[in-house]
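[1] Prediction below, plus the sequence it came from.
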Protein chains: 2
Amino acid sequence: MSDKLINGTETLRYGIIGTGAIGGYFGGMLAKAGKDVHFLFRSDYDFVKEHGLKVDSISGDFCLSEVHAYNNTHSMSKCDVVLVCLKSTGNKTLKHILPPLLHENTVVLMIQNGLGVEEDLQKDFPDLHIAGGLAFICANKTAPGHIAHLDFGKLNVGSYSCPDDSVLQQVCSDLENAGVEAEVLELKNARWRKLVWNIPFNGMTVVMNTTTDALIANADMRQLLHRMMIEVIEAGNKSDLAENPIPTEYADEIMHMTEHMTPYSPSMKVDFDSKRQMEIEYLYTRPVEYAASCGYSMASVAVLEKQLKFIQSTI
Amino acid sequence: MSDKLINGTETLRYGIIGTGAIGGYFGGMLAKAGKDVHFLFRSDYDFVKEHGLKVDSISGDFCLSEVHAYNNTHSMSKCDVVLVCLKSTGNKTLKHILPPLLHENTVVLMIQNGLGVEEDLQKDFPDLHIAGGLAFICANKTAPGHIAHLDFGKLNVGSYSCPDDSVLQQVCSDLENAGVEAEVLELKNARWRKLVWNIPFNGMTVVMNTTTDALIANADMRQLLHRMMIEVIEAGNKSDLAENPIPTEYADEIMHMTEHMTPYSPSMKVDFDSKRQMEIEYLYTRPVEYAASCGYSMASVAVLEKQLKFIQSTI
């Protein structure tokens, strides 16, 4: 930990890897609340150095004029908590990006969707303390150094290979103090629950080239999305969650929540529209393969996976 | 039967309902060979009356300048064989279109894809002799009264409720004499076999907005198409074909055949491109429902079905 405070608690130094919508929002909120936050930028570095980081949020717009901004991790100091907010398609670069930030007890928090991101990182860093984070937020980067926060804004975190939950508890406490709802949960359960939304809506908005509200407005599509949600729940319960299964009613809950959500292009649709690589691997391929290895066939989801791979090959 | 011929055989009077690509090609080939063929036209009637029916075929172009053309069935005489070559989305009109053409032994041959077309027609005409036909042909109507025949050209027929196969045998003989390969087969088996191609390629070219060759060129998509073929084969074998099952190798055969086919937009893709109604009901919904009623879940195909219904609702 970096500094002992007078009150006996410790303050965490945060590193934000990948300052897009997610990293910009959560990192920005922490920085705005006075936390010690250091941002790695790529293309936006010069812009942010000059103009700061701007967040247009439903809970109030703000601009951080003085940001600890870096364009490579070698110029950053070691951090207690690293929030990895990269698109998971870039995870192969972590092997080279992370080392300058790591001390013995650094916790790397993978704020990414899907299954398998911690597992893959642990292979490259066998002793690293890894955790996962699930962002429940509608946010997009609209311009360099400019984040639009449209709806929700919660972060669920859970340990993958941390010795205990103490750092994660402190992260949540920092976030809560900064006005962000945050909670420590059992990671596998949290990941599968998040997939219940992500799998149907990310892929289907791409394949149907539309937004969530248009999908939800169609009765046949609603039936298909619900079927896929059930498939995700059954896959999770069959593979990882036998002791604490997700109830099938969770699908209705998620459907209901989405019906009342601002019309939205999920991140995969934004990537597709921008002709960028989509996060097919961790969001679709790994869950389908993992479920199959546990004896469960995600037959509908596998269709979407192949369709997405085909589409990816054409853009 | 209309006329007794000197040699003791009978000549069949044919009625063609729906003179698009299929009706225009098979009817045109029969007429060119001197058979007694009467065509029902809708929008193309005036054009064909003036200019005749033109078929550009890989086996030789021809133009029938004198065609028995009609714009309603009340002005047609009764037929021995009616080839229904409508899109199945128009089958509800048959109740009103067919009666003037029917004598006691008329055979109505439904040259349409999918499952359930004969069943639905029989409900409206309980005593009618119904047969089904499966066209293996790449053909499109390119302009009024103008058919392009691009590849293949076989017609498989089978009885649904004919007293015997004699008329169908004669139809096949007429077709063969006219240069069209034709065969009498067991109808259910023929319908399911045809679905092995139609289900994956019709829907997927629409959803992916591409042609068969582009789908086939992609390894992930090939895997998905093959999976769907297996699903169709298993559904058929489980429901209708227990005694004469389709071997799973048939999927490889069909895949191989399609790999060597001229790049092609299946009829559903042509309908989609023209913003017309797609034949989702008989090609997807009925097979999925029928298989489910026999205890088999066509899980991948059901995804395509819902996606198509969503797309249909947007065009």
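    Now that the structure is in, tell me what you want to look at.
[2] Residues in a beta bridge with A:V84, which ones?
    Beta-bridge partners of A:V84, counted by DSSP bridges, are A:I17, A:M110.
[3] Next one, pLDDT for it please.
    The predicted structure scores A:V84 at 98 on the pLDDT scale.
[4] now swap in A:N140 and tell me
    86.
[5] and the stretch 151-300 of chain A, which of its residues are near chain B?
    A:207-208, A:210, A:214-215, A:218, A:220-221, A:223-224, A:227, A:297, A:299-300 (C-beta under 8 Å from any C-beta of the partner chain). (C-beta placed from N, C-alpha, C; glycine too.)
[6] which among those end up buried?
    The neighbour count (16 or more other C-beta atoms under 10 Å in any protein chain shown) marks A:V207, A:M208, A:T210, A:A214, A:L215, A:N218, A:D220, A:M221, A:L224, A:R227, A:A299, A:S300 as buried among those.
[7] just the strands in chain A please.
    In chain A, the strands defined using DSSP state E lie at A:3-4, A:10-11, A:13-17, A:36-40, A:53-57, A:62-64, A:68-70, A:79-84, A:102-111, A:129-143, A:146-159, A:182-184.
[8] so can I have TSV of those strands showing distance to B:Y290 and mean neighbour count?
    Listed next are the strands of chain A as TSV, based on distance: least, C-beta to C-beta, whole Å; neighbours: other C-beta atoms under 10 Å in any protein chain shown:
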stretch	distance to B:Y290	mean neighbour count
strand A:3-4	70	10
strand A:10-11	66	15
strand A:13-17	53	27
strand A:36-40	57	24
strand A:53-57	52	21
strand A:62-64	59	17
strand A:68-70	62	20
strand A:79-84	49	27
strand A:102-111	46	21
strand A:129-143	41	20
strand A:146-159	43	20
strand A:182-184	47	19
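[9] Which of those sits closest to A:H260?
    A:H260 sits nearest to strand A:146-159 of all the strands of chain A, at 9.9 Å, using C-beta to C-beta.
[10] what packs against the closest one?
    helix A:21-32, strand A:53-57, strand A:129-143, helix A:166-177, strand A:182-184, helix A:187-207 (3 or more C-beta pairs under 8 Å, 6 or more residues apart in numbering or on different chains; DSSP states H and E).
[11] which secondary element of chain A has the worst mean pLDDT?
    One helix or strand of chain A scores below all others by mean pLDDT, DSSP states H and E: strand A:3-4, with a mean of 43.
[12] ranking the helices and strands packed on strand A:146-159 by mean pLDDT, which is last?
    Among those, strand A:129-143 carries the lowest mean pLDDT (a mean of 93).
[13] Now that strand - C-alpha only, PDB.
    This file holds the C-alpha atoms of strand A:129-143, laid out as PDB (Å, rounded to 0.1, in the frame of the first residue of the first chain):
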ATOM      1  CA  HIS A 129      -3.500 -11.300  -7.300                       C
ATOM      2  CA  ILE A 130      -6.300 -11.100  -9.800                       C
ATOM      3  CA  ALA A 131      -9.900 -10.100  -9.400                       C
ATOM      4  CA  GLY A 132     -12.700  -9.600 -11.800                       C
ATOM      5  CA  GLY A 133     -15.100  -6.600 -12.200                       C
ATOM      6  CA  LEU A 134     -18.400  -6.400 -13.900                       C
ATOM      7  CA  ALA A 135     -19.600  -2.900 -14.900                       C
ATOM      8  CA  PHE A 136     -23.300  -2.300 -15.000                       C
ATOM      9  CA  ILE A 137     -23.300   0.900 -17.000                       C
ATOM     10  CA  CYS A 138     -24.400   2.400 -20.200                       C
ATOM     11  CA  ALA A 139     -21.500   4.600 -21.200                       C
ATOM     12  CA  ASN A 140     -19.600   5.500 -24.400                       C
ATOM     13  CA  LYS A 141     -16.500   7.400 -25.400                       C
ATOM     14  CA  THR A 142     -17.900  10.100 -27.600                       C
ATOM     15  CA  ALA A 143     -14.700  12.000 -28.400                       C
END
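[14] That strand: partners in the sheet, and parallel or antiparallel?
    Counting by DSSP bridges, strand A:129-143 is paired with strand A:102-111 (parallel), strand A:146-159 (antiparallel).
[15] could I have the longest one exported to CSV, CA atoms only?
    What it means is strand A:146-159. Extracted in CSV, the C-alpha atoms of strand A:146-159 (Å, rounded to 0.1, in the frame of the first residue of the first chain):
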residue,chain,number,x,y,z
HIS,A,146,-14.8,12.7,-23.5
ILE,A,147,-17.1,10.1,-21.8
ALA,A,148,-20.9,10.0,-21.9
HIS,A,149,-22.4,8.2,-19.0
LEU,A,150,-26.0,7.4,-20.0
ASP,A,151,-27.5,5.1,-17.5
PHE,A,152,-26.8,2.9,-14.5
GLY,A,153,-23.2,2.9,-13.1
LYS,A,154,-22.6,0.0,-10.7
LEU,A,155,-19.4,-2.1,-10.4
ASN,A,156,-19.5,-5.6,-9.0
VAL,A,157,-16.1,-7.1,-8.1
GLY,A,158,-14.9,-10.5,-7.0
SER,A,159,-11.7,-12.3,-6.2
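[16] What mean pLDDT does it get?
    Strand A:146-159 comes out at a mean pLDDT of 94.
[17] Where does the prediction get shaky in chain A?
    A:1-9 (pLDDT under 70).
[18] how is it carved up into domains?
    A:13-185, A:189-313 (the TED database).
[19] Could you save those domains as a markdown table and add columns showing distance to B:R42?
    Listed next are the domains of chain A as a markdown table, based on distance: least, C-beta to C-beta, whole Å:
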| stretch | distance to B:R42 |
| --- | --- |
| domain A:13-185 | 49 |
| domain A:189-313 | 30 |
